[in-house]
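S.K.: Have a look at this fold, sequence not included:
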């Protein structure tokens with residue numbers, strides 16, 4: 001995941017406003033089994049890997065975040081090796097390259113490297129009665145900071161899920177599916193024309209044509225980390241609220257899948273909760289932004305930041321691989337449901353779901369405001385602020401969306417995210 005330009009890594013833990021606000025989507029359901037929290041940080045090394053799929057996911061992360069690839073910085077040998085590995089996995093999954101690209105690679109710049117694009121064609125793609133095909137895109141960036149920053153969670157975790165989703169997702173009836181590994185997401189490329197996702201949108205392959213041919217886009221970033229027990233089996237989804245049809249499918253697929261429901265909870269939250277920085281304004285933090293700016297329906301998926309974010313401690317043995325495996329299975333459920341929707345999803349820039357946001361925040365804030373179930377590292381001052389937030393949320397009227405309520409929710413979200421990343425002085429928000 002990228003961060004604001006002009007901030008150096010050695011100062012990152014002191015950049016309180018931007019760093020804390022960039023943490024992602026930290027809101028569990030009240031009745032989720034992991035709500036029995038403790039103030040002890042989760043040790044990912046104690047989370048078992050029991051399924052074959054989780055083992056495969058671990059193997060991808062082990063390679064991509066290995067010292068041999070030296071952090072996959074764009075333009076380096078390690079970045080090229082990562083691209084070759086992803087292309088090989090696309091071939092194994094029987095993904096097709098786009099003919100206009102003459103292979104899986106979409107060159108960004110000779111000094112940076114490529115985006116990697118593979119396609120699973122739709123069964124009825126040749127039926128032109130509904131016009132040109134509408135594409136579903138599943139994407140994640142594969143670059144990282146380089147050197148001793150190996151980037152297991154950021155973002156080998158999401159690339160591993162991308163690869164295994166490509167292996168497991170069958171051909172849909174109506175929508176071809178693009179699997180895209182973006183390059184050049186990290187600084188200094190984020191929010192520039194050379195950012196891989198922005199380059200993709202600005203230079204769409206001829207087979208896609210224009211952004212309005214994209215039915216929906218899913219961007220993954222930081223998919224493996226875990227720090228607080230209530231968030232152990234949670235992935236957060238932001239942005240779908242801008243598109244009512246997509247949002248309805250997301251909530252529908254978030255329900256347990258019979259007959260063997262996994263513990264995974266996919267929780268929708270609003271983009272404004274993770275982007276609005278006090279005194280700064282809206283700041284984007286990953287590849288979803290290029291698609292949002294083109295009014296493409298999108299969903300941003302993440303498990304959120306931990307204290308290991310952009311640190312040398314972001315290593316393969318710190319990830320929750322079974323949750324990553326459940327996410328692969330969830331994608332199968334969601335995308336096959338979406339295949340029934342052949343009409344374009346609407347996109348409403350200012351749309352929010354205040355009642356859903358408040359309902360999701362309440363149980364989390366209640367846990368964080370209790371000394372026995374607090375987020376590890378919470379100071380007495382931050383705890384006092386959380387108690388005030390807890391009381392306010394319990395009395396919030398969600399029947400009318402007001403600017404004041406939205407701003408207060410944003411401040412609560414920032415404080416929670418600050419605590420989860422172990423930044424200092426979270427009580428200031």
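M.R.: Good, I have the coordinates. Here the structure is a predicted model, which means the values were calculated and not measured.
S.K.: Could you give the number of residues near the nearest residue in space to residue 150 that is not next to it in sequence?
M.R.: Counting by C-beta to C-beta, 6 or more residues apart in numbering, residue 65 is the residue found nearest to residue 150 once chain neighbours are left out, at 4.4 Å. Glycine gets a C-beta too; all of them are placed from N, C-alpha and C. Neighbour count for residue 65, taken as other C-beta atoms under 10 Å: 29.
S.K.: for residue 65, phi and psi?
M.R.: Main-chain torsions, residue 65, degrees, to the nearest 10: phi -100, psi 30.
S.K.: low pLDDT regions in the stretch 151-300 of the chain?
M.R.: Within the stretch 151-300 of the chain, the ranges that satisfy pLDDT under 70 run 256-261, 278-279.
S.K.: Strands of that one, start to end?
M.R.: 177-182, 214-220, 234-238, 265-269, 276-277, 281-282, 298-302 (DSSP state E, counting those that start in this stretch).
S.K.: Check the stretch 1-150 of the chain too.
M.R.: Remark: strands assigned in the stretch 1-150 of the chain by DSSP E, counting those that start in this stretch are 105-109, 113-120, 135-141.
S.K.: Dump those strands into TSV; add mean neighbour count and mean pLDDT as well.
M.R.: Below are those laid out as TSV (neighbours: other C-beta atoms under 10 Å; pLDDT from 0 to 100):
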stretch	mean neighbour count	mean pLDDT
strand 105-109	19	97
strand 113-120	25	98
strand 135-141	25	98
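S.K.: I'd like those as a markdown table, with distance to residue 157 appended.
M.R.: Listed next are these as a markdown table, based on distance: least, C-beta to C-beta, whole Å:
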| stretch | distance to residue 157 |
| --- | --- |
| strand 105-109 | 23 |
| strand 113-120 | 17 |
| strand 135-141 | 9 |
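S.K.: So which of the ones you listed is nearest residue 364?
M.R.: strand 135-141 (25.5 Å; C-beta to C-beta).
S.K.: The closest one vs strand 214-220, what angle?
M.R.: 20 degrees (axes from the mean of the first three to the mean of the last three C-alpha atoms, to 10 degrees).
S.K.: Check the offset of strand 135-141 from the chain's centre.
M.R.: The chain centre lies 11 Å from the centre of strand 135-141; the measure is C-alpha atoms, centre = their mean, to the nearest Å.
S.K.: From the contact counts, what lies against it?
M.R.: Under the contact definition 3 or more C-beta pairs under 8 Å, 6 or more residues apart in numbering; DSSP states H and E, strand 135-141 sits against helix 157-168, strand 177-182, helix 196-202, strand 214-220, helix 321-338.
S.K.: could these be laid out in CSV, adding mean neighbour count and distance to residue 374?
M.R.: As requested, these are arranged in CSV below (neighbours: other C-beta atoms under 10 Å; distance: least, C-beta to C-beta, whole Å):
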stretch, mean neighbour count, distance to residue 374
helix 157-168, 26, 26
strand 177-182, 25, 37
helix 196-202, 23, 36
strand 214-220, 27, 29
helix 321-338, 22, 23
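S.K.: now those in JSON lines, with distance to residue 372?
M.R.: Listed next are the helices and strands packed on strand 135-141 as JSON lines, based on distance: least, C-beta to C-beta, whole Å:
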{"stretch": "helix 157-168", "distance to residue 372": "31"}
{"stretch": "strand 177-182", "distance to residue 372": "42"}
{"stretch": "helix 196-202", "distance to residue 372": "42"}
{"stretch": "strand 214-220", "distance to residue 372": "33"}
{"stretch": "helix 321-338", "distance to residue 372": "25"}
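S.K.: circling back: could you dump the strands of the stretch 151-300 of the chain into CSV and include distance to residue 254?
M.R.: Formatted as CSV, the strands of the stretch 151-300 of the chain follow (distance: least, C-beta to C-beta, whole Å):
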stretch, distance to residue 254
strand 177-182, 20
strand 214-220, 14
strand 234-238, 8
strand 265-269, 4
strand 276-277, 24
strand 281-282, 26
strand 298-302, 11
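S.K.: Of all the ones you listed, which one is nearest residue 161?
M.R.: strand 214-220 (6.1 Å).
S.K.: Can you check what angle separates that closest one from strand 234-238?
M.R.: 140 degrees.
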